[in-house]
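A.B. asks: A structural model of the following input is requested.
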Amino acid sequence: MTVVVLLADPPRPGLRFPDLAATSPLSESEAAELAAAMDKDTMRAVERSGADLLVNYLPEDLLPEAHRTEATPEAELRALAADALEDVSDVRFEPQVGSTTSARVGNTVTHLLETEEEVGSVAVLLGNTPFVTRTGIDSAAMKLRTNEVVLGPGARGSVYYAGFTDTIDFTDAMAPPALNTLAELARGAGHDTEFVPTQPTVETGDDLASVVAEVRARVAAGRAVPESTTALIEEYGLVVDEDGLVRQ
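C.D. replies: Okay, the predicted model is just below:
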């Protein structure tokens, strides 16, 4: 069995995609809404695949004081899942453990592989692209049958997908550029590494421009699109022209 872990901070203004408001036409609240839409698209993709979904959320006590609210992160993400999925009864929600992203990824992967006998592989989704699909998840799971590590490259050496059938030294595993770091650590552990197709990932306005351009190209071509993210792009009137990302 493959468990797909969505590593998710609650989509609160200024917490998710903190650089996006300063580098794009979006406000902090709109950037948070975009994060929520991308989470819902990702949850749907996992639900439609052959994998099990685990939402690994950042607990309240690990959030910066400025981003704490009366609502709990788990409650927020359960509400997103209920809105996105037909059935949430099989979705697991567990708090992240660790003081850094590397530690949180490592703790989750190690725990699942070493303590749950039925789990043969673990894939971590970073929640930074809307273009995760059922086919992509199932294809990556097939690659994990013959490779200990499978990576999905994103913008500027980032990753959106990191799958494992065995552990590595996770101490600084997500140190930028995470793609190179993870591949080097896999080699050091004697593991084979395979890759799935590169996808646009979001951190800055330029990154979001790539997402918007691809979404609009897919709409024009009549191809499948991430539903929630596409609806939000349309609502905000985002387009890419000669000046970059703008509102219509």
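A.B. asks: give the contact list for the residue nearest the centre of the chain.
C.D. replies: Ranked by distance to the mean C-alpha position of the chain (C-alpha atoms, centre = their mean), the top residue is residue 127 at 1.9 Å. Contact analysis of residue 127 by C-beta atoms under 8 Å, 6 or more residues apart in numbering lists 6, 7, 8, 9, 16, 35, 38, 39, 42. For every residue, glycine as well, the C-beta is placed using N, CA and C.
A.B. asks: ok, residue 117 next?
C.D. replies: Counting by C-beta under 8 Å, 6+ apart, residue 117 touches no other residue.
A.B. asks: and what of residue 29?
C.D. replies: residue 13.
A.B. asks: also residue 133?
C.D. replies: For residue 133, the set of contacting residues under the criterion of C-beta under 8 Å, 6+ apart consists of 45, 224.
A.B. asks: swap in 6 Å and give it another go.
C.D. replies: Contacts for residue 133 were tallied using C-beta atoms under 6 Å, 6 or more residues apart in numbering; they are residue 45.
A.B. asks: switch to numbering from 554
C.D. replies: Noted, 554 is the first residue going forward, which turns the last one into residue 686.
A.B. asks: distance check, residue 589 against residue 566.
C.D. replies: Separation of residue 589 from residue 566 (C-beta to C-beta, to the nearest Å) stands at 11 Å.
A.B. asks: the more surrounded of the two?
C.D. replies: Neighbours around residue 589 and residue 566, counted as other C-beta atoms under 10 Å, are more numerous at residue 589. The numbers are 24 against 18.
A.B. asks: my guess is that one meets residue 564, correct?
C.D. replies: Yes - with contact defined as C-beta atoms under 6 Å, residue 589 counts as touching residue 564 (4.0 Å).
A.B. asks: one step back: and the residue nearest to the centre of the chain, that's in a strand?
C.D. replies: No - counting by DSSP: H, G, I helix; E, B strand; the rest coil, residue 680 is located in no strand; its state is coil.
A.B. asks: relative to residue 792, how far out is it?
C.D. replies: Counting by C-beta to C-beta, the gap from residue 680 to residue 792 is 24 Å.
A.B. asks: got it, and residue 571?
C.D. replies: Residue 571 is 24 Å from residue 792, by C-beta to C-beta.
A.B. asks: over to residue 774?
C.D. replies: Plainly put, residue 774 is 16 Å away from residue 792 if you go by C-beta to C-beta.
A.B. asks: compare those two (neighbour count), which wins?
C.D. replies: Neighbours around residue 774 and residue 792, counted as other C-beta under 10 Å, are more numerous at residue 792. The numbers are 15 against 9.
A.B. asks: three-state assignment of residue 578?
C.D. replies: Of the three states, residue 578 takes coil under three-state DSSP.
A.B. asks: apologies, that question was intended for residue 629.
C.D. replies: Reducing the assignment to helix, strand or coil with three-state DSSP, the entry for residue 629 is helix.
A.B. asks: ok, now residue 564?
C.D. replies: Secondary structure for residue 564, judged by three-state DSSP, is coil.
A.B. asks: and it, what does it touch?
C.D. replies: Taking C-beta under 6 Å, 6+ apart as the test, what residue 564 contacts is 585, 588, 589.
A.B. asks: could you redo the last one with a cut-off of 10 Å?
C.D. replies: Residue 564 makes contact with 570, 582, 584-593, 626, 629-630, 633, 680, according to C-beta atoms under 10 Å, 6 or more residues apart in numbering.
A.B. asks: before we move on, what about residue 603?
C.D. replies: With contacts defined as C-beta under 10 Å, 6+ apart, the neighbours of residue 603 are 554, 555, 557, 687, 690, 691, 694, 695.
A.B. asks: wait, the fourth one sits on residue 596?
C.D. replies: The one in question is residue 687. No - taking C-beta atoms under 10 Å as the contact criterion, residue 687 and residue 596 are not neighbours in contact, 11.5 Å apart.
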